[in-house]
Every structure is written in structure tokens, then in C-alpha cells.
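> Build me a structure from this.
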Amino acid sequence: MEFFDNLMTNWHLKQGIKKLKKAERSRGKRFDRLIRATYQHFEGAMEQDPNKLEALKYWGQALSLSAQRNEANAQLCTNLYKEAVDKFSEANNIDPDDIETIALWGETLTEKAGSAETKNRDQIYLSAYKKFSSALKKKGDDSGIVHAWGLGLYNQAGTKDNGEEAQQLYSDACEKYSQAFTLDARNPEVLIDWGVTLMEQARQASSVDAVDAELYDEAKQKFLDAEEFEKGIASYNLACLHAVQGDADKCESRLKTALKSHNLPRAKHIENDLDLLNVRELPWYSKFIKKARKRFKD
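Have a look, this model is predicted:
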């Protein structure tokens with residue numbers, strides 16, 4: 001009987017993880033269907049083994065993902081984040097030393113902070129950073145956790161009206177990216193996020209002081225460094241930078257590269273991206289958007 005229970009527990013766990021990975025790449029009704037199946041499998045694993053750590057923490061991750069996809073529904077979003085945090089808390093009670101649980105908990109708190117009321121936001125971000133700090137005390141060389149901390153600081157900076165406060169948070173985020181890349185110099189995603197943060201810092205600097213060309217140059221170099229790992233991986237980011245700097249020809253060229261290499265965000269994101277404001281009225285832009293929609297079926 002015990003053998004059968006273990007077999008069923010592991011089957012539910014594997015199926016839940018498989019469905020979660022598919023859900024991460026899905027949208028709309030397909031996402032809803034997959035995320036429900038994910039919950040059911042993790043619940044099935046917990047019914048077989050109430051102390052199954054992996055089922056709890058990945059269930060929490062699934063709930064967090066669902067909250068992010070339902071940001072338009074404030075109450076549902078809040079409830080999902082609460083459920084996710086509860087799952088991580090339960091998992092942490094089973095094994096307080098499990099680093100992945102603590103890191104996922106921290107990442108969920110940074111996402112929750114972005115959708116929280118202004119008065120609670122900074123406190124939630126602080127709670128997230130405490131989780132990251134706790135995880136790093138157990139495993140100080142985990143670049144993924146440092147990277148996630150940097151992303152949290154970047155997102156927190158975006159909530160600030162005070163220019164100086166935002167600048168400091170952007171600088172702190174860049175320090176985390178630098179640490180993360182030192183720990184793992186094979187991850188181009190760190191370089192891309194670093195470049196995005198530098199671009200935003202430059203944009204904010206222009207509203208406080210003069211346009212900081214040096215920051216834009218640094219951002220460009222981070223994107224070019226990322227391109228050394230994989231052609232096209234940072235082409236969309238470079239296109240945005242060229243558009244901001246008024247170079248429409250280079251912007252078009254980079255967008256074409258991003259399209260060809262399947263490194264574009266969804267068309268809706270592109271159309272709402274303020275970085276591309278300078279090129280939206282150009283003849284080639286509408287043709288490009290049509291191709292992007294067709295390629296990615298937006």
C-alpha cells in the first residue's frame with residue numbers, strides 16, 4: 001500500500017510540474033485549463049502525502065503565476081497571492097532550510113508588492129528582500145536569488161514618484177545584477193535586465209537632471225554583451241534603445257532580427273511600449289506589427 005501511495009504521490013507531482021511549465025507559456029482559456037489541472041495534481045499529491053514539500057512550494061508558485069495573470073481582478077489577485085504565501089509558509093514549516101521555497105516566497109512577495117496598495121507596498125518589498133537575504137545566508141552563491149532581488153528593486157523603483165529615491169533603487173538593482181553576473185557569467189538574462197534598468201535610470205535622470213547619455217551607453221553595452229550569447233536575444237531591447245535615441249533605421253533592423261529569432265514580446269506589449277513611441281507613425285512600423293501578430297498569433 002505504501003509503495004502505491006508513493007507511486008501516486010510522485011505521479012501527481014510530476015504531472016503538476018509538467019502542467020505548470022505549460023501554463024507558464026500559455027494564455028487565455030488554455031492557461032486557465034492548465035492552471036486548474038496543476039492545482040488538482042498538487043492537491044492529489046498532498047492527499048497522498050501531507051508533508052510533500054515539493055507539492056506545496058510548486059503549488060504556491062502556480063498560485064503566484066495565476067495572481068500575475070489576473071491583475072485586472074484586484075480581489076482575485078489578492079486572494080491568490082495570499083493562498084500562495086500560505087503554501088510557502090506551510091512548505092517552510094516542513095523544511096525551514098529549503099532554499100527554493102524561501103526564494104519562491106520572496107519572488108511572490110515582490111510580485112504581490114507591485115499590485116498592492118501604495119501604503120503597504122514598501123513593507124511587502126522589504127519582506128521579500130528579507131526572504132532573499134535569508135536564502136542567501138544558506139547559499140550565498142545562488143545567482144538566481146540575487147538576480148530576483150535585483151528585479152524586485154527595479155520594480156520597486158518604478159513605483160516611486162520621488163526621483164532621487166527611484167535613482168537609488170535603480171542603482172541598488174544594478175549592484176545586484178553585477179553580483180549575479182559575477183556568480184554566473186553564462187546568463188544573458190541578467191545582462192538584459194541590467195540593461196533595461198540602466199535605460200529606465202537614464203530616463204528618470206532626464207526628468208531630474210540632464211539626459212544621462214552614459215547610462216544609455218552602458219545599457220547598450222549590456223544588450224550587446226547579451227547578444228554574444230545568442231543572436232537576437234536582446235534585439236528587441238536594442239530596438240527600444242535606438243527608438244528612444246531617435247535612430248529609426250537601427251530600430252527597424254533590430255526589430256526584424258528579434259522577429260526572425262523569435263525574441264519578441266507579444267504584439268500587445270509592443271504596441272503599448274512607450275520606448276517605441278518615436279517610430280509608431282513610420283510606414284514600416286504597421287507592416288512590422290502585422291507580421292508580429294501573424295507570427296505569434298496575437
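
> Please state the offset of stretch 46-66 from the chain centre?
Centroid displacement of stretch 46-66 relative to its chain, using CA atoms, centre = their mean, to the nearest Å, is 20 Å.

> ditto for stretch 232-251
Chain-centre distance of stretch 232-251: 21 Å, with CA atoms, centre = their mean.

> contacting residues around that stretch?
Here stretch 232-251 makes contact (CB atoms under 8 Å, 6 or more residues apart in numbering) with 188, 191-192, 195-196, 199, 203, 216, 219-220, 222-224, 226-227, 252-255, 257-258, 260-265, 273, 275-279, 282. Every C-beta, even on glycine, is put in place using the N, C-alpha and C of the backbone.

> and those residues, which of them are in helices?
Among those, the members falling in helices (DSSP state H) are 188, 191-192, 195-196, 199, 203, 216, 219-220, 222-224, 226-227, 252-255, 257-258, 260.

> who's in contact with the residue nearest in space to the middle of the chain?
Closest residue to the average C-alpha location of the chain: Leu151 at 7.3 Å, with CA atoms, centre = their mean. Leu151 makes contact with Thr110, Ala173, Asp193 under the criterion CB under 8 Å, 6+ apart.

> cutoff 7 Å now
For Leu151, the contact set (CB atoms under 7 Å, 6 or more residues apart in numbering) comprises Thr110, Asp193.

> how far away is it from Lys130?
Distance of Leu151 to Lys130, given as CB to CB, to the nearest Å: 16 Å.

> what's downstream of the longest helix seen in the chain, the next helix or strand?
Ranked by residue count, the top helix of the chain under DSSP H comes out as helix 2-24. Remark: after helix 2-24, the chain's next helix or strand is helix 28-48, criterion DSSP states H and E.

> buried ones in that following helix?
If you call a residue buried by 16 or more other CB atoms under 10 Å, then helix 28-48 has these buried ones: Phe31, Leu34, Ile35, Ala37, Thr38, Tyr39, His41, Phe42, Gly44, Ala45, Met46, Gln48.

> Give me the contact list for that helix.
Contacts for helix 28-48 (CB under 7 Å, 6+ apart): 5, 8-9, 12-13, 15-16, 19-20, 22-23, 26, 52, 55, 58-59, 62, 66, 69.

> What is the neighbour count of Asp225?
As a burial measure, Asp225 scores 18 neighbours (other CB atoms under 10 Å).

> So it is in contact with Leu191, correct?
Yes. Between Asp225 and Leu191 there is a contact under CB atoms under 7 Å: 5.1 Å.

> Glu180: what's it in contact with?
Actually, residue 180 is Ala rather than Glu. Ser143, Val146, His147, Gly150, Val190.

> which two in the residues you listed are spaced the farthest apart?
Distance extremes for the contacts of Ala180: the farthest pair is Ser143 and Gly150 at 10.3 Å, using CB to CB.

> neighbour count winner among the two?
The neighbour count for Ser143 versus Gly150, taken as other CB under 10 Å, is higher for Gly150 (25 against 19).

> That one: what's its closest spatial neighbour, skipping adjacent residues?
Distances taken as CB to CB, 6 or more residues apart in numbering place Lys176 nearest to Gly150, at 3.2 Å, with adjacent residues excluded.

> what are the ranges of the helices in the stretch 101-250 of the chain?
Listed in chain order, the helices of the stretch 101-250 of the chain (DSSP state H, counting those that start in this stretch) span 118-138, 143-157, 163-183, 188-208, 213-227, 235-244, 248-260.

> Serialize these to CSV and add fields for distance to Asp95.
Below are the helices of the stretch 101-250 of the chain laid out as CSV (distance: least, CB to CB, whole Å):
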stretch, distance to Asp95
helix 118-138, 11
helix 143-157, 17
helix 163-183, 24
helix 188-208, 28
helix 213-227, 35
helix 235-244, 38
helix 248-260, 42
